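A.B. asks: Take this sequence and fold it.
(one chain, ligands or ions: 1)
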Amino acid sequence: MSETKKEIARRRTFAIISHPDAGKTTLTEKLLLYGRAIQSAGSVKGKQNDRHAVSDWMEIEKKRGISITSSVLQFEYNGYCINILDTPGHQDFSEDTYRTLTAADSVVMVIDAAKGIEPQTRKLFKVCAMRHIPIFTFVNKMDRDARDSFELLDELEKEFGIGTYPMNWPIGSGTDFKGVFDRERRRILTFADSHAGSDRIEAIECELTDTEKLDSLIGPYMREALVDEIELLDGGGFEFDLEKVRCGKLSPVFFGSALNNFGVEPFLENFLKLTTEPLAYRSGEDLIPPETQGFSAFVFKIQANMNKAHRDRIAFMRIVSGKFDRGNEYFHVQGKKAIKLSRPTQMMAQDREIVDTAYAGDIIGVFDPGIFSIGDTICEKGMKVEYAGIPTFAPEHFAIVEQIDSLKRKQFDKGITQIAQEGAIQMFFLPDSGMERVYVGVVGMLQFDVLQFRMESEYGVKYHKQDTAHSLVRFVESSDTDLKRLNLMQQTKWVKDRRGRDLLLFTAEYEINWALDKNPGLVLKEFSQMQDF
Ligand code: G4P
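C.D. replies: Numbers count the residues shown, from 1 in each chain. Model (predicted):
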């Protein structure tokens, strides 16, 4: 096997998704601990008082004094080269969060055992499901009172329409949490409250059949319950099927407690074994596998520096095939130009480093002098690839943005158009009005702040913003619909996007039903149906 192929085969690139507070930061931190990327893990304390971080990782950065302000974090573990993609969780949730998932080969979903599926997990899951990538579940906080485990699995299956396969099974929860039963090795791993923050913990192991030892560890009552539950699991439920895991139809589920380091290492080991190597990406009709000769990549995120003093932009790209060499000249497909990628950086465990080489599966950030757009392809000269664009995701918050100073009209038009082109916001127009008054749609409220900050600092423009109650958007699909004559509820708004396509904005589901009811022949489509990838 060539060196490049070997390097690609050991890459594992994934994102961790969760609802805020389920434990994503803690789990990430513990994974870094096992990768020896940090010296000792500690509980991430004091977050509640200080929630202004731009990325969850900035929290770790602050606590640990290491530099992780980036989109991806790379570290080594047992011969694997692991790339964890950041999917911002808190107020910084935005369309970028969704886009990041297009660069991942699999996803780890962290769920709070007491809460089950929460809204943000639901949203992010939908995007993962569109790509049919493997989805692993970590049910966290078993050291706190948890919901019934069967009920949790049921919820995952019903809500997400996927099968679940518990890799281990919890014994009690909260103060009664005794550990887990490892289904593959048929052994118990007991839990000892390690006091949050200590390093690796040694768990005591015991066979399910060793009644005496088991009784002394978890007591006869819990032993009996466990034996019954394992019988139930082994008898019913889904069989383990790696093929189904690989296409996202079956989610391996792990129970544990990230804060106590319990179940994290077995999770990591199983995850690395079961998840995929870098996946192929679609270019037109072709699928380009990672071992294809020649470097190719696509831009999935552009980060404009929020610091006024440094107006540089970083384009993050996922390498789809081959090997990247810093000295080489590459071809920017959309710009039809040969380019050198300047200052290619990667997050190596503790530092941001200039990289000389990187491989399919890796993410690199390059300095962008304003030439890249989200979805652009960069490849070796002579390669014929153009990766399928990154989908636009349905905005959930809308505002009317109006320019105040008519003398600055040009700057307003230019600024808002450029920012929309970068994908930082989505822009819609009223059919019979110009640019002076536009609808801005976003996935996360933070995007409004970014817009305001950038319009002021980069274009010198202030504007008036009025939030609207709209939260749902649909494309009008029927070509023979006369939009001027539509019978719509008062709040429903007809707008056009930058490509001139017609859309309707609604404030609630019943408004959509009303529109469909009152206008026979009207066909509406959701964003994801239009933009599948
Ligand atoms: P997030 O990135 O998904 O938002 O979650 P994060 O890791 O920040 O965890 C949220 C809170 O939950 C943190 O507490 C963290 O210590 C706690 N936590 C994470 N994993 C576990 C676990 O396995 N068991 C328990 N009991 N707690 C866990 P915090 O914000 O510092 O608040 P506090 O709980 O210390 O007051």
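
A.B. asks: If I follow the layout properly, residue 11 ends up in contact with residue 360?
C.D. replies: Yes. Contact criterion C-beta atoms under 8 Å: residue 11 and residue 360 qualify, at 7.1 Å. For glycine as for every other residue, the C-beta is placed from the backbone atoms N, C-alpha and C.

A.B. asks: which residues are common contacts for these two?
C.D. replies: Common contact partners of residue 11 and residue 360 (C-beta atoms under 8 Å, 6 or more residues apart in numbering): residue 278.

A.B. asks: Give me the distance between the residue in the chain sticking out farthest from the centre and residue 178.
C.D. replies: If you look at how far each residue of the chain sits from its centre, by C-alpha atoms, centre = their mean, the farthest one is residue 212, at 45.5 Å. Going from residue 212 to residue 178 by C-beta to C-beta, to the nearest Å gives 16 Å.

A.B. asks: same thing with residue 317?
C.D. replies: Taking C-beta to C-beta, one finds residue 317 at 46 Å from residue 178.

A.B. asks: how about residue 505, what does it touch?
C.D. replies: Here residue 505 is in contact with 398, 428, 439, 468, 470, 472, 473, 492, 493, 495 (C-beta under 8 Å, 6+ apart).

A.B. asks: do the same with residue 147
C.D. replies: 113, 114, 115, 116 are the contacts of residue 147 under C-beta under 8 Å, 6+ apart.

A.B. asks: cool, residue 516 as well?
C.D. replies: 522, 524.

A.B. asks: just to revisit the earlier point, when residue 11 and residue 360 are compared, which one has more neighbours?
C.D. replies: The neighbour comparison of residue 11 against residue 360 (other C-beta atoms under 10 Å) goes to residue 360, with 31 against 21.

A.B. asks: Can you give me every residue that contacts the closest residue to residue 83 other than its chain neighbours?
C.D. replies: Spatial nearest neighbour of residue 83, chain neighbours left out: residue 13 (4.2 Å); criterion: C-beta to C-beta, 6 or more residues apart in numbering. Residue 13 is in contact with 82, 83, 85, 103, 104, 105, 106, 278, 318, 361, 362, 363, counting by C-beta under 8 Å, 6+ apart.

A.B. asks: Report the separation between the third one and residue 30.
C.D. replies: This means residue 85. Taken as C-beta to C-beta, the span from residue 85 to residue 30 is 17 Å.

A.B. asks: Kindly report the same for the second one.
C.D. replies: Between residue 83 and residue 30 the computed distance is 17 Å (C-beta to C-beta).

A.B. asks: and the nearest residue to residue 121 once chain neighbours are set aside, how many neighbours?
C.D. replies: Excluding the flanking residues, the one nearest residue 121 by C-beta to C-beta, 6+ apart is residue 19, at 4.9 Å. Using other C-beta under 10 Å, the number of residues around residue 19 comes to 22.

A.B. asks: Residue 19 contacts residue 123, doesn't it?
C.D. replies: No. Assessed by C-beta under 8 Å, residue 19 is found out of contact with residue 123, at 9.3 Å.

A.B. asks: still on that earlier bit, let me have the contacts of residue 505 in TSV, extended by distance to residue 417, secondary structure and neighbour count.
C.D. replies: What follows is the contacts of residue 505, written out as TSV (distance: C-beta to C-beta, whole Å; DSSP: H, G, I helix; E, B strand; the rest coil; neighbours: other C-beta atoms under 10 Å):
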residue	distance to residue 417	secondary structure	neighbour count
398	18	strand	24
428	13	strand	23
439	14	strand	23
468	21	coil	16
470	21	coil	24
472	25	strand	19
473	20	strand	23
492	26	coil	20
493	21	strand	20
495	16	strand	20
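
A.B. asks: Of the residues you listed, just say which sits nearest to residue 388.
C.D. replies: residue 473 (21.9 Å; C-beta to C-beta).

A.B. asks: now the lengthiest helix in the chain, how far from the chain's geometric center?
C.D. replies: Scanning the chain for the longest helix, with DSSP state H as the assignment, gives helix 220-235. Centroid separation between helix 220-235 and its chain, computed with C-alpha atoms, centre = their mean, to the nearest Å, is 36 Å.

A.B. asks: Start the count at 31 instead of 1 going forward.
C.D. replies: OK, 31 is where the count begins now, so the last one is helix 250-265.

A.B. asks: which outside residues touch it?
C.D. replies: Under C-beta under 8 Å, 6+ apart, the answer for helix 250-265 is 179-180, 196, 199, 201-202, 206, 208, 211, 213, 238, 241, 244-245, 248.

A.B. asks: Are any of these buried, and if so which?
C.D. replies: Applying 16 or more other C-beta atoms under 10 Å to the contacts of helix 250-265, the neighbour count classes 179, 196, 199, 201, 202, 208, 211, 213, 238, 244, 248 as buried.

A.B. asks: Can you tell me who the second one pairs with across the strands?
C.D. replies: The bridge-partner assignment for residue 196, based on DSSP bridges, gives residue 283.

A.B. asks: ok, it - contacts?
C.D. replies: Here residue 196 is in contact with 179, 183, 213, 263, 267, 282, 283, 284, 285 (C-beta under 8 Å, 6+ apart).

A.B. asks: which residues of the stretch 281-430 of the chain score low on pLDDT?
C.D. replies: Low-confidence segments of the stretch 281-430 of the chain (pLDDT under 70): 334-342, 372-373, 375-383.

A.B. asks: Return the residues of it in contact with the ligand.
C.D. replies: Within the stretch 281-430 of the chain, the residues that sit near the ligand (C-beta under 6 Å from any ligand atom) are 287, 288, 289, 290.

A.B. asks: same thing but 5 Å
C.D. replies: 287, 288, 289 (C-beta under 5 Å from any ligand atom).

A.B. asks: For these, give me TSV that also has distance to residue 319.
C.D. replies: As requested, these are arranged in TSV below (distance: C-beta to C-beta, whole Å):
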residue	distance to residue 319
287	38
288	34
289	39
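
A.B. asks: which is the next helix or strand following the lowest-mean-pLDDT helix or strand in the chain?
C.D. replies: The weakest-scoring helix or strand in the chain, judged by mean pLDDT, DSSP states H and E, is helix 86-94 (a mean of 47). Next helix or strand after helix 86-94 toward the C-terminus (DSSP states H and E): strand 102-107.

A.B. asks: starting at the chain centroid, how far to that next one?
C.D. replies: On C-alpha atoms, centre = their mean, the centre of strand 102-107 falls 17 Å from the chain's centre.

A.B. asks: Please name every helix or strand in contact with it.
C.D. replies: helix 54-64, strand 110-115, strand 375-378 (3 or more C-beta pairs under 8 Å, 6 or more residues apart in numbering; DSSP states H and E).

A.B. asks: Reformat those as TSV; add mean neighbour count.
C.D. replies: Formatted as TSV, those follow (neighbours: other C-beta atoms under 10 Å):
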stretch	mean neighbour count
helix 54-64	24
strand 110-115	23
strand 375-378	20
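
A.B. asks: related to what we said a few turns ago, out of the buried ones among the contacts of helix 250-265, which sit inside strands?
C.D. replies: Within the buried ones among the contacts of helix 250-265, membership in strands is found for 196, 199, 201, 211, as judged by DSSP state E.

A.B. asks: The second one and residue 281, how far apart?
C.D. replies: Think residue 199. From residue 199 to residue 281 the distance is 15 Å (C-beta to C-beta).

A.B. asks: What of the last one?
C.D. replies: Spatial separation of residue 211 from residue 281 under the definition C-beta to C-beta is 19 Å.

A.B. asks: Ok, the first one next?
C.D. replies: Here residue 196 is placed at a distance of 10 Å from residue 281 (C-beta to C-beta).

A.B. asks: Can you name the residue of the stretch 381-530 of the chain nearest the ligand?
C.D. replies: residue 474 (14.8 Å; C-beta to the nearest ligand atom).

A.B. asks: For that residue, pull up the helix or strand it's in.
C.D. replies: Applying DSSP H and E, one finds residue 474 in no helix or strand.

A.B. asks: right, and it touches residue 117 too?
C.D. replies: No. Under the criterion of C-beta under 8 Å, residue 474 is not in contact with residue 117, lying 11.5 Å apart.
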